[in-house]
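Peer 1: Here is the input, now give the coordinates:
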Amino acid sequence: MAEAHDYKAIGTSPVRPDGVDKVTGRANFGADLNLPNMLHGKVLRSPHAHARIRSVDVSRALELDGVYAAVSGADFPSGAEGEIQGEGGGTVSDLAQNIVARDKALYHGHPVAAVAAKTPYLAERALDLIEVDYEVLSPVLDVDDAMADGATLIDENLHTNGDTSQPASNVAGITKFERGDVDQAFADADLTVEGEYRTPTAHQGYIEPHACTATYSEEGAATIWCCTQGHFDVRSMTASVLGMSVGDLKVIPSEIG
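Peer 2: Purely as a prediction, here's the structure:
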């Protein structure tokens, strides 16, 4: 006879410790943070899935009263060599390119410029004044098309699993899970069923808006508030991309979910 256990949670319906604050609006998410004299940032994104960026002109945006900064990829470090640890992985240069496009927009919505202004509305107006000259290229819109022989190459700097000894590819990585002798298992099976299965992207459906707020001191130290479960990863990635010391960065995670 199985031994009885006096469980405190299993078999009960515990109240989520963060549930009440979230459903009543008391929880402080990243977008709820307000600091004195805070500027508001907005991002201009590529309307094309694949395009060469001939030029980005932010001069008209900077002429708008209340706009304090307007930047493009040319204003950011290209990203030092090195690997990114933690969730997502990749290289520093790949992360830097994903944050803001340099020579090419690699996907629809790829950031190409950003502004900081006194209000969110001014920032939106400033985006409309940024002029981007695109050379639209052939997109790759399907996974099978991306892997096909002779497919249009989207990112000339991408190599499968980071192997630069091989030609550039649209395939970022290949992961194999293997256990036992699969061929022998098929040979011994009374029945085998083959099929191709596709799983769409699934969103968690959280209620928070993505938001990030940062302060930067005259001494070169920065504090970042952002929506994340991995604030140490955010700190190391930010330091790598901006060429800062991790000791000059403090990351504070806001409420998530």
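
Peer 1: ok, which stretches of this protein are strands?
Peer 2: Ranges of strands in the chain, per DSSP state E, are 40-45, 51-57, 67-72, 104-105, 111-117, 131-136, 212-216, 222-226, 249-253.

Peer 1: Would you mind saying which of those strands lies nearest residue 232?
Peer 2: strand 249-253 (7.4 Å; Cβ to Cβ). No exception for glycine: its C-beta is placed from N, CA and C like everyone else's.

Peer 1: would you turn the strands of the chain into TSV with mean pLDDT and distance to residue 11?
Peer 2: Output for those, formatted as TSV (pLDDT from 0 to 100; distance: least, Cβ to Cβ, whole Å):
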stretch	mean pLDDT	distance to residue 11
strand 40-45	97	48
strand 51-57	97	57
strand 67-72	97	56
strand 104-105	96	53
strand 111-117	98	49
strand 131-136	98	59
strand 212-216	94	41
strand 222-226	95	37
strand 249-253	95	32
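
Peer 1: for those strands, which one sits closest to residue 177?
Peer 2: strand 249-253 (31.5 Å).

Peer 1: Check which helices and strands the closest one is in contact with.
Peer 2: The contact analysis (3 or more Cβ pairs under 8 Å, 6 or more residues apart in numbering; DSSP states H and E) places strand 249-253 against strand 222-226, helix 231-242.

Peer 1: what does the shortest one rub up against?
Peer 2: Read it as strand 222-226. 30, 33, 211-216, 234-235, 238, 244, 248-254 (Cβ atoms under 8 Å, 6 or more residues apart in numbering).

Peer 1: Need the buried ones from the residues you listed selected in PyMOL.
Peer 2: Only the buried entries of the contacts of strand 222-226 go into this PyMOL selection, using 16 or more other Cβ atoms under 10 Å:
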select buried, resi 30+212+213+234+235+238+248+249+251+253+254
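
Peer 1: Distance to residue 16 added to the strands of the chain, as CSV?
Peer 2: Below are the strands of the chain laid out as CSV (distance: least, Cβ to Cβ, whole Å):
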stretch, distance to residue 16
strand 40-45, 32
strand 51-57, 45
strand 67-72, 40
strand 104-105, 41
strand 111-117, 35
strand 131-136, 45
strand 212-216, 25
strand 222-226, 23
strand 249-253, 18
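
Peer 1: Identify whichever of those strands lies nearest to residue 147.
Peer 2: strand 104-105 (20.0 Å).

Peer 1: Neighbouring strands - and their directions - for that closest one?
Peer 2: With DSSP bridges as the test, strand 104-105 is paired with strand 51-57 (antiparallel).

Peer 1: can you list contacts of the partner strand?
Peer 2: Taking Cβ under 8 Å, 6+ apart as the rule, strand 51-57 contacts 72-74, 101-105, 112-113, 130-137.

Peer 1: Could you tell me which ranges of the protein sit under the pLDDT cut-off?
Peer 2: Confidence mapping of the chain against pLDDT under 70 gives the ranges 1-4, 79-81, 84-89.

Peer 1: Show me where it has its helices.
Peer 2: 19-23, 59-62, 92-99, 120-129, 143-147, 182-188, 231-242 (DSSP state H).

Peer 1: now those helices as TSV including distance to residue 9?
Peer 2: Shown next, in TSV, are these (distance: least, Cβ to Cβ, whole Å):
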stretch	distance to residue 9
helix 19-23	15
helix 59-62	54
helix 92-99	39
helix 120-129	43
helix 143-147	41
helix 182-188	39
helix 231-242	27
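
Peer 1: quick revisit: right, and the helices and strands packed on strand 249-253 - which one's nearest residue 168?
Peer 2: helix 231-242 (22.0 Å).

Peer 1: Sounds good, over and out.
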